[in-house]
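Colleague: Structure for this input, please:
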Amino acid sequence: MDKKNRRYGFLFMLMALIVLLAGSSLTIQASGCDRAKLGAAGAYERGEAVSNLQSCLIESGFGIPAGITGYYGSQTINAVKAFYAVWYGVWNGLKVGPQGITNLKNNSTKPVVVTGSENFKSFASADDFKNYFKKAIQESNGSISYGGSGGGTWTTGSAMAVPSAGMGGASDMMKSESVAVANSVVGRVSETNVQVAGIDEPDIVKTDGKEIYYSPTSPISWWGRGGIMPMATASGSAAKYESGYYYKQPQAKIIKALPVSGMAVDGVLPKSGDMLLSGNVLTVFSNGEVSGFNVADPQNPIQKWSIKPEGNSSIIGSRLYNGKIYMVTRTNIGSSDTCPIRPLSIGGVGITIPCGSIYHPERVLPVNSTFSVFLIDAATGSVEKRTSFAGVGYTSVIYMSADNLYVTYPAYESEFGIYVGLLKEKMADLVPASLIDNINRVSGYDISSSSKMAEFNTLLQDYKNGLSSDDQLKFNNEFQNRLSSYRKARVRNIDRTAIAKIRLSDLGFAASGSVPGQPLNQFSLDEYNGNLRIATTIGSNWFARSETFSDVYVLDGQMNIIGSVSDLGKTEKIYSARFIEDKGYIVTFRQTDPFYVIDLANPRNPKLAGELKIPGYSGYLHPVNKDKIIGIGMENSSVKISYFNVSDPSNPVEMDKYLLDEHWSEAVNNHHAFLMDKQHEIFFMPGGNGGYVFSYENNKLSLAKAVSDINPKRAIYINDYLYMISDSKISVLDENTWEKVKEFEF
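Modeller: Purely as a prediction, here's the structure:
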């Protein structure tokens, strides 16, 4: 082709492209989301209806990488899938039907503001999300972390009756009514010892009176001398292995419980971990994955569903209530991440949370994660509701009442902010006004806190360089001493815990607040008559032990502090807490065990009612009733059981105590290892040398039975049989005689 023809050919192609673009300009240009004009649209269609649909999807947080093209292609299909997953479930994304249109019209992007002691609002768009976290992550650089002394204890709950207000969450967790089992009747069946009656928590043992479900806690190990693997590899060829120790993850066992003489392993699950039992569905939390098994036929358990965390997400806790699982995840957020977020997938299909369902503090705080709460049908594994909020992804405590779920995380204060406050408030006599003006200017820079801190150090060093050697020496000493005093005076502002409140009724973000200090564990929180009570230790992760103390706070429904008791256990920290009705019981420890009784009858004016100082400490407090409490703890390197009488709040009494010849019991720091049977007035606790059954009859502690040939992890009761369960066998005791009637190895 000669030059002339090539030139004409190029001009023809250019004109054709211009005509094509002109003819499609109506569908390529973004006209904005017009929800009133949303109409049915399907895959591989073109036109204004598709453009409007794409605009509304993008505005609602369901991204389309190519933007608004007017063509319903694979990217739009994926966005529609993500949109449907939020309110409907798995969908092929090939069309948006009438229900989808209705939901998309109602998916308003107007931010929702939740008022409280710390106002929160929902994100308006993906850009809003990205910009907020970019600034928040900048603020978190150089911040001070005050991680709680208690890790996130995350458990789940069973479909039991809601407790009366009288016990305020104290739980015996046993059924007193009869439970029909096949053609026989089981009179009594114990349940996992939990904080709030009717709200179950995941544990390694569950029972329905027919079967015992047990997940061994230790992997199976053996020594291999090398050779050929007995099983072929995926390629079909035998695999060689070298000499050494080999490990296999344990498998959960399903064990026939009755009759005792006929105990047998009915079935085995391919997974092992903490479990929840709802009807015929056993939920297993194993290696970050959650699976639901139908165990109606124990010999043939069938996996019905599985849920996995996605990307930077992890499951940090759950509860089971009325057949529904309330699961909490935490997702680490980077400066380039956007919404919708995708914390979970079910059967490989991602479960997303749109921008409008993610809440954040109105003011930019140094958050770096999102916490998401999911309502999951235990029978099907389907996600029915979800919500999310921004927080700090380190230690968290989760507490759930019959009405609300609470999530805590440590609050931060910028190191830069502390130093600026010090210079302004306490060092005006040592530094010139010009230095403070320059530091104020740095405060306004759009840079991270660590960068601000570097600028602060530079300015301060430049000022010090202009001083004489004598004045520099004086300045350095004054600076350190005043900084120490300044931190002590502001410790309740520096060391704080943020608390998010989620309504169970609609899984809506209800309110958020904060209190000084850090909670120990879930028992540090309790809801009663619409108020939240929380016990915290201040300074335990920042100051020397000689400067720590503990407080109890009462927050109203909007999470505003309405009452407090301060300065408990100076130089000590909280080792256990329990709230029962209008009383709170706090144990602090350093050398002795101050057992405090807090009168919370007037939530706006709580008072320290009484105090008892005894040796050792109680790590777990279990109410026998509202006037008597059993404490499990330590004294002089031995396990100690205390029996407290708190009928007179001003004069708590240790009625009895027992020192066990054990160096530790899991019941000291894991309430699931403790079992109480009120009918026989006994309780069980495991030890390193065996299992122990204590009687508390007639207000006296006595060792009713010790079993030495087992290392039990848990115990349950069915009728009048007590089952002590270890990784390899079960010992069954008759509770009327305390004789061993069966030993079953598996």
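
Colleague: any idea how far the closest residue to Tyr84 other than its chain neighbours lies from Gly350?
Modeller: Closest residue in space to Tyr84, ignoring its immediate chain neighbours: Trp91 at 3.6 Å, by Cβ to Cβ, 6 or more residues apart in numbering. Yep, even glycine has a C-beta here, placed from its N, CA and C like the rest. Trp91 sits 12 Å away from Gly350, going by Cβ to Cβ, to the nearest Å.

Colleague: Now list whatever residues contact both of the two.
Modeller: Taking Cβ atoms under 8 Å, 6 or more residues apart in numbering as the contact definition, Trp91 and Gly350 share the neighbouring residues Ala85.

Colleague: thinking again about what came up before, so the residue nearest to Tyr84 makes contact with Asn78?
Modeller: No: under the criterion of Cβ atoms under 8 Å, Trp91 makes no contact with Asn78, lying 11.1 Å away.

Colleague: State the number of residues packed around the residue nearest to Tyr84.
Modeller: Trp91 has 18 neighbouring residues, counting by other Cβ atoms under 10 Å.

Colleague: quick one: it is in a strand?
Modeller: No: inclusion of Trp91 in a strand is not indicated when DSSP: H, G, I helix; E, B strand; the rest coil is applied; the result is coil.

Colleague: what sits against it?
Modeller: Shown in contact with Trp91 (Cβ under 8 Å, 6+ apart): 80-81, 84-85.

Colleague: just Lys304 next, same as before
Modeller: Lys304 touches 281, 292-294, 379-381, counting by Cβ under 8 Å, 6+ apart.

Colleague: just the buried members of the residues you listed?
Modeller: If you count burial by 16 or more other Cβ atoms under 10 Å, the buried members of the contacts of Lys304 come out as 281, 292-294, 379, 381.

Colleague: Would you mind giving those as a markdown table with pLDDT and distance to Arg503 added?
Modeller: As requested, those are arranged in a markdown table below (pLDDT from 0 to 100; distance: Cβ to Cβ, whole Å):
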| residue | pLDDT | distance to Arg503 |
| --- | --- | --- |
| Val281 | 98 | 25 |
| Gly292 | 97 | 25 |
| Phe293 | 98 | 30 |
| Asn294 | 98 | 31 |
| Ala379 | 96 | 23 |
| Gly381 | 94 | 23 |
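
Colleague: check contacts around Gly530.
Modeller: 556-557.

Colleague: Could you report the separation of it from Val565?
Modeller: Separation of Gly530 from Val565 (Cβ to Cβ) stands at 19 Å.

Colleague: Over to Leu104?
Modeller: 50 Å.

Colleague: among the buried ones among the contacts of Lys304, which are in strands?
Modeller: Judged by DSSP state E, these include 281, 292-294 as members of strands.

Colleague: Could you point out which of the residues you listed is nearest to Glu662?
Modeller: Nearest to Glu662 among these: Phe293, at 35.7 Å, using Cβ to Cβ.

Colleague: Now do the buried residues in stretch 633-653.
Modeller: Neighbour counts using 16+ other Cβ under 10 Å place 633-635, 639-646, 649, 652 of stretch 633-653 among the buried residues.

Colleague: if we can go back for a sec, of all pairs in the contacts of Lys304, which one spans the longest distance?
Modeller: For these, the farthest-apart pair by Cβ to Cβ is Phe293 and Thr380; their separation is 12.7 Å.

Colleague: host element of Gly417?
Modeller: Element membership for Gly417 (DSSP states H and E) is helix 415-426.

Colleague: Give the buried residues for that helix.
Modeller: Within helix 415-426, the residues that qualify as buried are 415-420, 422-423, 426, counting by 16+ other Cβ under 10 Å.

Colleague: So which other helices or strands are in contact with the helix or strand following it?
Modeller: Next along the chain after helix 415-426, taking DSSP H and E as the criterion, comes helix 433-443. Helices and strands touching helix 433-443, by 3 or more Cβ pairs under 8 Å, 6 or more residues apart in numbering; DSSP states H and E, are helix 415-426, helix 449-465.

Colleague: Now those helices in JSON lines, please, with extra columns for distance to Met263 and mean pLDDT.
Modeller: Output for the helices and strands packed on helix 433-443, formatted as JSON lines (distance: least, Cβ to Cβ, whole Å; pLDDT from 0 to 100):
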{"stretch": "helix 415-426", "distance to Met263": "60", "mean pLDDT": "87"}
{"stretch": "helix 449-465", "distance to Met263": "61", "mean pLDDT": "89"}
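
Colleague: Next, format these as TSV and append distance to Ala49.
Modeller: As requested, the helices and strands packed on helix 433-443 are exported to TSV (distance: least, Cβ to Cβ, whole Å):
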stretch	distance to Ala49
helix 415-426	52
helix 449-465	48
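
Colleague: To Arg578, which of those lies closest?
Modeller: When those are compared for distance to Arg578 using Cβ to Cβ, the nearest one is helix 415-426, at 34.8 Å.

Colleague: contact partners of the closest one?
Modeller: Counting by Cβ under 8 Å, 6+ apart, helix 415-426 makes contact with 142-144, 431, 435-436, 439-440, 443, 449, 452-453, 456, 482-483, 485-487, 490, 494, all of which sit outside it.

Colleague: Which of those residues are buried, as a ChimeraX select command?
Modeller: What follows is the ChimeraX syntax selecting those of those that are buried according to 16+ other Cβ under 10 Å:
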select :142,143,144,431,435,436,439,449,452,453,456,482,483,486,487,494
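
Colleague: returning to what we had before: so, if you compare the ones in strands among the buried ones among the contacts of Lys304, which one comes nearest to Phe744?
Modeller: Phe293 (22.4 Å).

Colleague: That closest one pairs with what?
Modeller: According to DSSP bridges, Leu282, Gln303 are recorded as the beta-bridge partners of Phe293.

Colleague: returning to that earlier point: need the buried ones among the contacts of Lys304 in JSON lines (columns: distance to Gly557).
Modeller: Converted to JSON lines, the buried ones among the contacts of Lys304 look like this (distance: Cβ to Cβ, whole Å):
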{"residue": "Val281", "distance to Gly557": "34"}
{"residue": "Gly292", "distance to Gly557": "34"}
{"residue": "Phe293", "distance to Gly557": "39"}
{"residue": "Asn294", "distance to Gly557": "40"}
{"residue": "Ala379", "distance to Gly557": "32"}
{"residue": "Gly381", "distance to Gly557": "33"}
